[in-house]
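**Student:** what would the 3D arrangement of this be:
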Amino acid sequence: MKYVIIRDDDTNTLTPIECLETLYRPFLDKGLPVCLATIPNVRSDVCLPSGPREGFLVASKGAAARAYPIGENAKLVHYLKDNPGYQIVQHGYHHEFVGTQTEFDHNNRADIIRRLDLGTRYLLEAGFEKPKTFVAPYDRVTPVGYRELARRFEIISTGWFERARLPRSWWPGLVMRKLRKQPHWRHQGVSLLSHPGCLLSYHRPYKTMLEEIRRSVESRNLTVLVTHWWEFFRDGENDLPFIQVLHETAAFLAAQKDLKVIRFSDIVEQNIPLN
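**Tutor:** Modelled structure (predicted):
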């Protein structure tokens, strides 16, 4: 049996329900769970170091420049709770840059703890379950950050793992993972998941996207498929060809008898093998 996790990044208080419904109704109707990496307290004024506003703010025109806790959008929270096919996982805190650094790309332990604990608190206050999974904004975490994540979460999902960014005591496990050519590994009970890049992205050619996904899924026991909801609506309009590929992906995954789409939490609760 092979396993797939659908990870959609950047759901936040300012995300329109219609966007998620347009993208993921075919998944939910087929019984395919979708893990939403959710920003607990998004800021409406986040800009990339190069200048443009962050893409996940595509629908936030006119919003005052402040932080918006996820629970502030009661309609969105009710929608997510009413559709148990969604699983909410923690995606940073503000999902912001502090100068040129991302919010977990530093070694200020007190600030990292504050952001992690407040982020979890906002998710709990909105009525979601305590998250077992953390998704690193921009895939950047320092050794101090990884130590604090390991104290709070059972699963860490990121693009890749670099020795320089990991605590020294984690290095032997990373070396063994590389020698065995394994995409995922565990350290003292924490599952560390990488992914094969954002295969569902407008930066990739639409005509070959589904074939790339098929090859990736067939080459791994567990594949984390990553996308970002706002990329499908980045110009303020529905990118229909891109949405079609996403829905074709749902049909492909549902048709595979030797494949199961799971939640992040299933890895722990069902003891899913990583490799």
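**Student:** can you give me the neighbour number for the closest residue to Asp239 other than its chain neighbours?
**Tutor:** Closest residue to Asp239 apart from its sequence neighbours, by C-beta to C-beta, 6 or more residues apart in numbering: Phe232 at 5.2 Å. Placement of C-beta: from N, CA and C, glycine included. Phe232 has 22 neighbouring residues, counting by other C-beta atoms under 10 Å.
**Student:** show me what contacts Phe232?
**Tutor:** Counting by C-beta atoms under 8 Å, 6 or more residues apart in numbering, Phe232 makes contact with Cys19, Thr22, Leu23, Tyr202, Asn238, Asp239, Phe242, Ile243, Leu246.
**Student:** spell out the secondary structure type for it.
**Tutor:** Following DSSP: H, G, I helix; E, B strand; the rest coil, the label given to Phe232 is helix.
**Student:** and the worst-scoring helix or strand of the chain on mean pLDDT, how far from the chain's centre?
**Tutor:** Least confident element among the helices and strands of the chain, by mean pLDDT, DSSP states H and E: strand 97-98 (a mean of 83). Distance of strand 97-98 from the chain centroid (C-alpha atoms, centre = their mean, to the nearest Å) equals 19 Å.
**Student:** what's next to that strand, contact-wise?
**Tutor:** In this structure, residues lying in contact with strand 97-98 by C-beta under 8 Å, 6+ apart are Val46, Cys47, Leu48, Pro49, Glu103, His106.
**Student:** can you rerun that using 10 Å?
**Tutor:** 46-49, 54, 103-106, 108, 111, 137-138 (C-beta atoms under 10 Å, 6 or more residues apart in numbering).
**Student:** need the residues you listed in JSON lines with pLDDT, distance to Leu179 and secondary structure, can you?
**Tutor:** As requested, these are exported to JSON lines (pLDDT from 0 to 100; distance: C-beta to C-beta, whole Å; DSSP: H, G, I helix; E, B strand; the rest coil):
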{"residue": "Val46", "pLDDT": "89", "distance to Leu179": "39", "secondary structure": "coil"}
{"residue": "Cys47", "pLDDT": "87", "distance to Leu179": "41", "secondary structure": "strand"}
{"residue": "Leu48", "pLDDT": "87", "distance to Leu179": "36", "secondary structure": "coil"}
{"residue": "Pro49", "pLDDT": "85", "distance to Leu179": "36", "secondary structure": "coil"}
{"residue": "Glu54", "pLDDT": "91", "distance to Leu179": "38", "secondary structure": "coil"}
{"residue": "Glu103", "pLDDT": "93", "distance to Leu179": "33", "secondary structure": "coil"}
{"residue": "Phe104", "pLDDT": "94", "distance to Leu179": "28", "secondary structure": "coil"}
{"residue": "Asp105", "pLDDT": "93", "distance to Leu179": "28", "secondary structure": "coil"}
{"residue": "His106", "pLDDT": "93", "distance to Leu179": "31", "secondary structure": "coil"}
{"residue": "Asn108", "pLDDT": "95", "distance to Leu179": "34", "secondary structure": "coil"}
{"residue": "Asp111", "pLDDT": "96", "distance to Leu179": "35", "secondary structure": "helix"}
{"residue": "Pro137", "pLDDT": "93", "distance to Leu179": "29", "secondary structure": "helix"}
{"residue": "Tyr138", "pLDDT": "93", "distance to Leu179": "28", "secondary structure": "helix"}
